[in-house]
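[1] Sharing a model that was predicted from the sequence below.
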Amino acid sequence: MSIHRHQISRRSILAGAAALGLTSTLAACGGSDDDSGESSGPVKLTYWSWAPNMEKVAAIWNKKNPDITVTVSKQASGGEIVSKLITAKKAGNAPDLIQVEYQSLPTLVSNDVLADISKYVGDVKSEFSEGLWHMVTLGTDAVYSVPQDSAPLMFYYREDLFKKHGLSVPKTWTEFAEVARAAKKAVPDAYLTTFSSNDPGLFAGLAQQAGGKWWTVDGGGKWSVGIDDAGTKKVAEFWGGLVQEGVIDNQPMYTPAWNQALNKGTHLAWVSAVWAPGVLISSAPDTKGKWRMAPLPQWKSGDNITGSWGGSSTGVSSDSKHAEAAAKFARWINTDPEALAALVKYPAVYPAATKGQSVDILTTPEFFSNQKDFYSTAATIAATTAPSAWGPNVQTAYTAFQDGFGSATKAKKEAQFLSALATMQSKTFDDMKKQGFEVTEA
Amino acid sequence: MTPLTLTADATGRTARARRTAWVPTLVLLLGTLYCLIPIAWVVIAATKDRSELFSTFSFAPGTGFLDNLGDLTDYRDGIYWQWMANSVFYAGVGALLSAAVSAAGGYALGRYAFRGREFIFKVILAGVLVPSIVLAVPQYLLLSKMGMADSYWSMLLPSILSPYGVYLVRIYAAASVPAELMEAARMDGASEWRIFSRIAVPMMMPGLITVFLFQFVAIWNNFLLPYVMLADDTKFPITLGLYTLLAQGASQPALYTLVITGCLLAIVPLIALFLVIQRFWSLDLLSGSIKS
């Protein structure tokens, strides 16, 4: 409850009390709340997800659990599903189960969209790494969702081109800058990679690695916003410097031009997450078997820290009339070995559950057939993921990022990278204040 | 149109009118190119397979159209065609109902004198100025209170009343249904309903078709209303369905080839509709200019 915004906390406490009353009444009736509505027929759950082929995983569950059927409804990802959920919640129509990105969790919790399911799934904590579990509890006693996939950051590079131009794989960011310069010298029309002003998620991951803590909340529900903290400043300065120098491209990612740069080899590397192979298949189909993955460069040599870019979890909405049944499904899909194998096979996610990261379940991606130890390396890297600190208005910060860094990358000025970061900080802080949170600037 | 312009110009400026007007022609040609190039891009891009899409020259045809078509049909057991059917249903039925309501409303406002007529008309006129985007969320909350959110009704009901349609039909009715004709019909003992359905509606037909077409295109292209209203992806129209193919999260590749092929197929019904209905439309314009 503590992270709720101030003005609604009384109402949510009342709602919580009412919910508690309700469940205890139901418990007194002796049954689970699954059959509270109609006593006959199976429980029908709806599940909003954007991952492709999620319905195939749900089909396995439906076959084994005829009394609880889950229907997947595929939605758009990112900010879209969040705003749709908040609107649906206002009308009392939120689905039972929701795929939630880690960074959207605080937003959804502060809008009362997610139910606390700690009493149903509290004991699965040991299945996940501490950092991941922290993200779904937001550091409270409540549990708002069950982790589904994690997305540790890594360094992907073109093995063939690195060899051809005598480039070595950078272990630190200092080396990374040197490689960027060397690459530019070796192939004047190519870049090592780009700094994308369209992908705040990647920037957030890099900041996370550098020790940035964008949002923190204390036990009393008091937030502090530290987007322009020392760690994040270091990251913005570093990339801004390289862009200004002209050795790192300034074009956004996920555009046709970017696809072409990857496919033609005018980008020699990509800082991305564990899911990169799936993107490369469609973005750079001609480069199959030419890539290799290595740990993310470090700020201090000898360190072993990475950030993450993306990743999601399965939550139960506070509108659900079958919270227990829904929580059962959320637990199954993210911890059951059969479900984990299906998650790997169909939506092709990198499971968050520690046992899902074993090589028995994951087979080397076809696109990386030259790197047999892809997933064992990935598991080692995943274990070094720094905890992330998300807040209730990530979308505002992300929009400010796209605006500010959009013009900074265009201008190719390091100073503008830093002023964009300061704007991001002030916009996010002001927005939280306006929304009624008790908040200070870190 | 051309003969009319000529007769008008015959009063003394014939020579000037016959000379080819290069500047306007050039401007129009540029405009045509500007509108057609994106369509040409879609047509050509739909023929490219995944590896050709971003690597070959934009206007060089690819080799994968049939594969793309097959992939699109296979995608989630052919849900694309379900979306197509939904779009046809929402746009077809919605536009039909909207044209019917506009016909009745516009005719009443245009041909009957009653107290408050101007007030009602002005309210409707104000409605023309309110973008439908603004109304989507309130409409969602209202329909959801009635238990109709995420149903076919939630898409049809908001599209039935088109202020612009009522406005258009009122103007059209006032111009095309002569009061003398209505008088004569009344003398012959026709009921008001009979006058409306047998005399006014056929005379207003070109105007009604215009309303139908406008509304059809508006519903077909609508994104925000279905986005807010619908949760069940088997009820999605094409616009929303294709969007879910693009926004699959950063970790999933956007299915560009499928979306482009899907877009191409989605404009086919619109083009077909325009070609079929165009006859009525040009008739409308011609008859209008002759009368004045």
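    Thanks, I have the structure now. Numbering: from 1, shown residues only, chains lettered A, B, ... in the order given.
[2] count of residues packed around the residue in the stretch 51-200 of chain B that chain A sits nearest to?
    Minimum separation of the stretch 51-200 of chain B from chain A (CB to the nearest CB) falls at residue B:144, amounting to 3.7 Å. C-beta coordinates here come from the backbone N, C-alpha and C atoms, glycine included. Residues near residue B:144, counting by other CB atoms under 10 Å in any protein chain shown, number 20.
[3] That one against residue A:94, yeah?
    No: checked against CB atoms under 8 Å, the pair residue B:144 and residue A:94 is beyond contact range at 11.1 Å.
[4] Pull up the overlap in contacts between those two.
    Counting by CB atoms under 8 Å, 6 or more residues apart in numbering or on different chains, residue B:144 and residue A:94 have no contacts in common.
[5] Let me see the contact set for residue 95.
    No chain specified, so I'll use chain A. If you count contacts by CB under 8 Å, 6+ apart, then residue A:95 has A:45, A:46, A:47, A:48, A:73, A:88, A:317, A:319, A:320, B:231 around it.
[6] Please refer instead to chain B.
    The neighbours of residue B:95, taking CB under 8 Å, 6+ apart as the test, are B:159, B:211, B:212, B:213, B:215, B:216, B:219.
[7] what do you get for residue A:256?
    Per CB under 8 Å, 6+ apart, neighbours of residue A:256: B:53, B:54.
[8] pLDDT value on it, please?
    Note on residue A:256: pLDDT of 80.
[9] Over to residue A:386?
    On pLDDT, residue A:386 comes in at 88.
[10] before we move on, back to that, reformat the contacts of residue B:95 as a markdown table; add pLDDT and neighbour count.
    A markdown table is the format used below for the contacts of residue B:95 (pLDDT from 0 to 100; neighbours: other CB atoms under 10 Å in any protein chain shown):
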| residue | pLDDT | neighbour count |
| --- | --- | --- |
| B:159 | 90 | 21 |
| B:211 | 92 | 26 |
| B:212 | 93 | 25 |
| B:213 | 91 | 19 |
| B:215 | 93 | 23 |
| B:216 | 94 | 25 |
| B:219 | 94 | 26 |
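[11] which among these gets closest to residue A:311?
    The closest of the contacts of residue B:95 to residue A:311 turns out to be residue B:219 (CB to CB; 37.6 Å).
[12] Now that closest one. Nearest residue, chain neighbours left out?
    In this structure, residue B:219 finds its nearest non-sequential neighbour in residue B:91, 4.2 Å apart by CB to CB, 6 or more residues apart in numbering or on different chains.
[13] quick check, distance from the one helix or strand the one you found maps to to the centre of its chain.
    Using DSSP states H and E, residue B:91 sits in helix B:79-111. Chain-centre distance of helix B:79-111: 10 Å, with CA atoms, centre = their mean, to the nearest Å.
[14] Repeat that for stretch A:56-66.
    Mean-position distance between stretch A:56-66 and its chain equals 26 Å (CA atoms, centre = their mean).
[15] Ok, stretch A:379-395 next?
    Relative to its chain's centre, stretch A:379-395 lies at 7 Å (CA atoms, centre = their mean).
[16] same thing with stretch A:165-183?
    That offset, for stretch A:165-183, works out to 28 Å (CA atoms, centre = their mean).
[17] And for stretch A:147-163?
    Centre to centre, stretch against its chain (CA atoms, centre = their mean), the figure for stretch A:147-163 is 16 Å.
[18] Same check on stretch B:21-36?
    Distance, centroid of stretch B:21-36 to centroid of chain: 24 Å (CA atoms, centre = their mean).
[19] just stretch A:243-257 next, same as before
    23 Å.
[20] burial of the residue in the stretch 301-442 of chain A that chain B sits nearest to, as a residue count?
    In the stretch 301-442 of chain A, the residue found nearest to chain B is residue A:310; the distance is 5.1 Å by CB to the nearest CB. As a burial measure, residue A:310 scores 26 neighbours (other CB under 10 Å).
[21] out of the contacts of residue B:95, which one sits closest to residue A:299?
    Scanning the contacts of residue B:95 for proximity to residue A:299, where the rule is CB to CB, the winner is residue B:219, at 54.2 Å.
[22] The closest one looks like it's in a helix, true?
    Yes: counting by DSSP: H, G, I helix; E, B strand; the rest coil, residue B:219 is part of a helix.
[23] That one reaches residue B:158, doesn't it?
    No: contact criterion CB under 8 Å: residue B:219 and residue B:158 do not qualify, at 9.6 Å.
[24] can you list residues touching both of the two?
    With CB under 8 Å, 6+ apart as the test, residue B:219 and residue B:158 reach no residue in common.
[25] list the contacts for the residue of the stretch 51-200 of chain B closest to chain A?
    Residue B:144 is in contact with A:91, A:92, A:93, counting by CB under 8 Å, 6+ apart.
[26] those helices in the stretch 151-292 of chain B, which residues are they?
    Applying DSSP state H, counting those that start in this stretch to the stretch 151-292 of chain B gives helices spanning B:152-160, B:163-176, B:179-187, B:192-194, B:201-221, B:224-229, B:238-246, B:256-291.
[27] Equivalent analysis for the stretch 51-200 of chain A, please.
    According to DSSP H, counting those that start in this stretch, the helices that the stretch 51-200 of chain A contains are A:54-64, A:79-90, A:105-110, A:118-121, A:130-137, A:159-164, A:173-186, A:200-209.
[28] got TSV for the ones you listed, with mean pLDDT, distance to residue A:41 and mean neighbour count too?
    Below are the helices of the stretch 51-200 of chain A laid out as TSV (pLDDT from 0 to 100; distance: least, CB to CB, whole Å; neighbours: other CB atoms under 10 Å in any protein chain shown):
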stretch	mean pLDDT	distance to residue A:41	mean neighbour count
helix A:54-64	94	14	18
helix A:79-90	89	24	19
helix A:105-110	91	30	24
helix A:118-121	93	22	18
helix A:130-137	88	32	19
helix A:159-164	94	57	16
helix A:173-186	95	58	18
helix A:200-209	94	42	25
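[29] what's the spacing between the residue positioned nearest the centre of chain B and residue B:140?
    Nearest residue to the geometric centre of chain B (CA atoms, centre = their mean): residue B:217, 2.0 Å. Computed as CB to CB, to the nearest Å, the residue B:217 to residue B:140 distance reads 23 Å.
[30] Write out the residues of the stretch 301-442 of chain A neighbouring chain B.
    By CB under 8 Å from any CB of the partner chain, the residues of the stretch 301-442 of chain A that approach chain B are A:309, A:310, A:312, A:347, A:348, A:349.
[31] Name the weakest-confidence residue in those, if you would.
    Lowest confidence among these: residue A:348, with 83.
[32] Name the SS class of that one, please.
    What three-state DSSP gives for residue A:348 is coil.
[33] In three-state terms, label the residue lying closest to it once chain neighbours are set aside for me.
    Among residues not flanking residue A:348 along the chain, residue A:278 sits closest, at 5.5 Å (CB to CB, 6+ apart). Using three-state DSSP, the secondary structure recorded for residue A:278 is helix.
[34] out of the contacts of residue B:144, which are buried?
    Buried members of these, counted by 16 or more other CB atoms under 10 Å in any protein chain shown: A:91, A:93.
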